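Trainee: after the sequence you'll find the predicted model.
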Amino acid sequence: MKKYIALLSVIMIIFSTSTSFAKVKVVTTLSDLNAIVKEVGGDKVDSMHLAKPSDDPHQIEPKPTFLRNLSKADLLFLVGMDLEIWLQPLIDSSHNMKIQKGQNGYVDCSTVISPKEVPTTRVTPELGDVHPLGNPHYWLDPNNAILIAELAYKKLSQVDSQNEKYYAENFSKFKNAVEERIITWKNQIGSVPNKKIVCQHSSWIYFTDFTGLEIVGYVESRPGIPPTAKEIMTLTNLMNDKGCKNIISESYQNKKFPNMVASKIQGKVISLPASTGAVKGTETYIQFIDYLINKLTEELK
Ligand SMILES: [Zn+2]
């Protein structure tokens, strides 16, 4: 009997090892892309994200595990638009030909969305602006999540054509689920009496265009650059004129400047997670957008 159990365990180990080898290995930079890839890839994919959902996506400190994971990846999904300025040296050091720029495994999701706020003059991270190629926070529009999921379906089918039908079905399920929720989300946010907000950083333009909320100004004078005292005064005057009391701040941000603005106008700072999974219970993309919509519906009164 003992021999039989031992033999059975060996068979089980071999079986589990061989099935895990068969899975497509995906690395994504952000948790949002990972959540979307998982919807499409299901149990055929071994997918993980590099940045923690609670991290500031502009400032990720690479860890040794990043390199280990990148070196084994079949596909790398990234936001692009120079959000991940920390990524290229890691891709170089991974010596993984599959995920080099220009190869099939290098999946820049910004290629399938319509970018907003693309600068007409040259801006560089050296000048302090962290959006040199336009606003990269496009995962916050659920319509873009569908486009990313479609890209994931195409890429996964390319590297694992045997499961093309499975990926197609999962994509279709996700698309239908998001489209259904979009109606609810829009109705819910439509009932908010005061839609005017100020944002700390320009993370929310895709989200506000989607929801119909109106951004009247920013705490940061330019993306990633703190405001001067004069800019804070101009902003508080503007907020008073427009009847705007609410400041949205990403949960990873330092609240010093938004608090300063809020205290001058008896307004309030609403801290929101900017990525899937940053708050417990928002591990799927739909749960994450649900959370944002519920929180804002509650707070914007
Ligand atoms: Zn940004």
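Mentor: The structure has been received and is ready for your questions. Quick caveat: nothing in here was measured; it's all calculated off a predicted structure.

Trainee: and the pLDDT at residue 122?
Mentor: The score at residue 122 is 73. That number is its pLDDT.

Trainee: cool, and residue 71?
Mentor: 98.

Trainee: can you check the one 5 residues further on too?
Mentor: Residue-level confidence at residue 76 comes out at 98, pLDDT.

Trainee: you'd agree it is in a helix?
Mentor: No: counting by DSSP: H, G, I helix; E, B strand; the rest coil, residue 76 is not part of a helix but strand.

Trainee: tally of neighbours for it?
Mentor: For residue 76, the neighbour count with other Cβ atoms under 10 Å is 28. For the C-beta atoms, the positions are set from N, CA and C on the backbone; glycine is no exception.

Trainee: any idea how the protein splits into domains?
Mentor: Here the domain parsing of the chain from automatic domain parsing is 22-182, 191-299.

Trainee: now do the first one: distance from first to last residue.
Mentor: Pointing back at domain 22-182 there. Terminal residues of domain 22-182 are spaced 35 Å apart (Cα to Cα, to the nearest Å).

Trainee: just give me how far that domain sits from the chain centre.
Mentor: Per Cα atoms, centre = their mean, to the nearest Å, the displacement of domain 22-182 from the mean C-alpha position of its chain is 9 Å.

Trainee: report the buried residues of stretch 148-164.
Mentor: 148-157, 159-160, 163 (16 or more other Cβ atoms under 10 Å).

Trainee: just the residues contacting that stretch, thanks.
Mentor: The list of residues contacting stretch 148-164 from outside it, by Cβ atoms under 8 Å, 6 or more residues apart in numbering, reads 24, 26, 33, 36-37, 39-41, 44-45, 74-75, 77, 104-105, 107, 109, 111-113, 139, 167-168, 170-171, 174-175, 178.

Trainee: for residue 27, helix, strand, or coil?
Mentor: strand.

Trainee: ignore what I typed, I meant residue 148.
Mentor: Residue 148 carries the three-state label helix when classified by three-state DSSP.

Trainee: over to residue 249?
Mentor: Going by three-state DSSP: residue 249 is strand.

Trainee: and the nearest residue to it once chain neighbours are set aside, how close does it get to residue 212?
Mentor: Closest residue in space to residue 249, ignoring its immediate chain neighbours: residue 200 at 4.2 Å, by Cβ to Cβ, 6 or more residues apart in numbering. Per Cβ to Cβ, to the nearest Å, residue 200 is found 20 Å from residue 212.

Trainee: ditto for residue 291
Mentor: From residue 291 over to residue 212 (counting by Cβ to Cβ), the distance is 18 Å.

Trainee: next: residue 132.
Mentor: Relative to residue 212, and taking Cβ to Cβ, residue 132 is found at 28 Å.

Trainee: contacting residues for the residue nearest the centre of the chain?
Mentor: When Cα atoms, centre = their mean is applied to the chain, the residue found nearest the centroid is residue 32 (4.0 Å). When contacts are counted by Cβ under 8 Å, 6+ apart, residue 32 is found next to 53, 139, 145, 275, 276, 285, 288.

Trainee: all helices of this structure, in order?
Mentor: With DSSP state H as the criterion, the chain has helices at 2-22, 31-41, 64-72, 88-94, 142-159, 164-190, 205-211, 229-242, 256-265, 285-299.

Trainee: so the last one versus helix 31-41, what angle?
Mentor: Following axes from the mean of the first three to the mean of the last three Cα atoms, to 10 degrees, one obtains 130 degrees for the angle between helix 285-299 and helix 31-41.
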